[in-house]
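*Asks:* any chance you can model this:
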Amino acid sequence: EKVALDIMEVEGDKRFILLGIDYFTRKLWGASLESKSAENVIKALEEWIKVDAHSNELITDNAKVYCSEKFGRWCSENKIKHRKVGVEAHRSGERIERGIRTIREALVKQDKEEECDISRILLRAVKGYNNTFHSGIKCTPDEVWLEELAEVVIENDENGEYATKFVKHYRKTFVVGQLVRIAKRENLGNKAKSESGRFLGLGV
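*Replies:* Down below sits the predicted model:
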């Protein structure tokens, strides 16, 4: 699995929130951090792994904490591939951006008596996110993660329909022996598509 990581600062507070989101199931994890140190990030990741998170690839920006020797060594020791991308490219991703937006909205809507209980607010927001229907996977992240709809994970693989339909044109596939119509040429223009006689005939 691929998990994207990002750290957001809590406005009006000296603490930070580490968010992790699985690329294919959209499962979200969150942890409150006292500081953006490699030690704190690693501790949070290890806690997630103890519960239910497992990943063979982490995707982050180029923040100092992720470029540290300590973080790199931890990834190597745990056989986790670490891929770093530019900040803008990373945060513009729909998956991680939606997670950040969900947590920010939860913090804004917090009750006054909960102002200092960031962990409680975070836990509730993450739980709500994971139990919310996502159009991309046609179910909730927890349903996929708990394998109630496990086939969705396959469909949302990096080579699956959902992952590729926005980056390349749809190409229908055929099986041996299937009867198809053969066009005279590839990449027909709009006019050519409306003309008669543009097919050579039938083929197998």
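
*Asks:* pLDDT below threshold where in this structure?
*Replies:* Applying pLDDT under 70 to the chain picks out residues 53, 87-95, 110-116, 147-204.

*Asks:* now do the strands in it.
*Replies:* 2-9, 16-22, 28-33, 57-60, 81-84, 180-183, 199-203 (DSSP state E).

*Asks:* give me the sheet partners of the fourth one and which way each runs.
*Replies:* Right, strand 57-60. strand 2-9 (parallel), strand 81-84 (parallel) (DSSP bridges).

*Asks:* in it, which residues are buried?
*Replies:* 58-60 (16 or more other CB atoms under 10 Å). Using the backbone N, CA and C atoms, a C-beta is placed for each residue, glycine as well.

*Asks:* which parts of this protein are helices?
*Replies:* 38-51, 64-67, 69-77, 87-91, 94-108, 118-130, 141-145, 151-155, 161-164, 190-194 (DSSP state H).

*Asks:* distance to Leu5 and mean neighbour count added to these, as CSV?
*Replies:* CSV is the format used below for the helices of the chain (distance: least, CB to CB, whole Å; neighbours: other CB atoms under 10 Å):
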stretch, distance to Leu5, mean neighbour count
helix 38-51, 8, 16
helix 64-67, 7, 16
helix 69-77, 10, 14
helix 87-91, 9, 13
helix 94-108, 8, 16
helix 118-130, 14, 18
helix 141-145, 16, 20
helix 151-155, 20, 15
helix 161-164, 19, 14
helix 190-194, 45, 9
